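Trainee: I would like the atomic coordinates for the input below:
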Amino acid sequence: MLKKVVGTIGICAIALTTSLAISKKADAKTYATGDIAVNAIRLDTYTGSTKPRRAYFEVPDSNTAVSAYGDRMTLSDVHIARMIALTHNYHCTSIYTRGVENVMIWNYAADSGRLSKGQVRLRCSVVEWAVKTYGLGRKVPMAIKVSNSPADVLTIPVLDIQGERETKSFIKFVRSLKPKS
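Mentor: Numbering: from 1, shown residues only. Sure thing, here's the model as predicted:
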């Protein structure tokens, strides 16, 4: 009987160790281009005022500091790049915002909304600088919900960050935009 209990405990310990190793591998995975998972993107309706527009960006990943695309950029860097592209597309290029320094405030959440990553404040002047510096490239489908309307899947051009020099420059730029609690 004692041998049976010890054997069962040993099997459970091996299963637990294997399970932990698999979950660590899953946390350390890298994403192929276009494979960035996003749970929700929501934008408040633009009121035409000079008040900041609010938005919400939620991802399933609990660890956003892992490598994206297998290089120096992290998932968090890519998420902020997407926020910049969305802010450019949905806020800064509006006929109502031309000539006005508008701001979009993104509430950034990871781990399917359980982990707040803080707020990313994006001024249109900064967004437009990033778009001019890095350019817009391929279009990526994103499900976007504006206020209470159903989510629509739209293709949005994303920043075209290419090469080691641009990657280093973008990472330095993103660090200056660190989300604030």
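Trainee: give the buried residues for stretch 68-76.
Mentor: 68-69, 73-76 (16 or more other CB atoms under 10 Å). Glycine gets a C-beta too; all of them are placed from N, C-alpha and C.
Trainee: what about it, how long is it end to end?
Mentor: Stretch 68-76 has an end-to-end distance of 9 Å (CA to CA, to the nearest Å).
Trainee: so Ile84, which state does it fall into?
Mentor: Secondary structure state of Ile84, per DSSP: H, G, I helix; E, B strand; the rest coil, is helix.
Trainee: show the average pLDDT along the helix or strand hosting Ile144.
Mentor: Taking DSSP states H and E as the definition, one finds Ile144 inside strand 136-146. For strand 136-146, mean pLDDT is 91.
Trainee: neighbouring contacts of that strand?
Mentor: Residues outside strand 136-146 that contact it (CB atoms under 8 Å, 6 or more residues apart in numbering): 34, 38, 40-45, 82, 85-86, 88, 90, 151-160.
Trainee: what about those, which are in strands?
Mentor: Judged by DSSP state E, strands contain the following of the contacts of strand 136-146: 40-43, 152-159.
Trainee: now which of the contacts of strand 136-146 would you call buried?
Mentor: Buried among the contacts of strand 136-146 by 16+ other CB under 10 Å: 38, 40-43, 82, 85-86, 88, 90, 156, 158-159.
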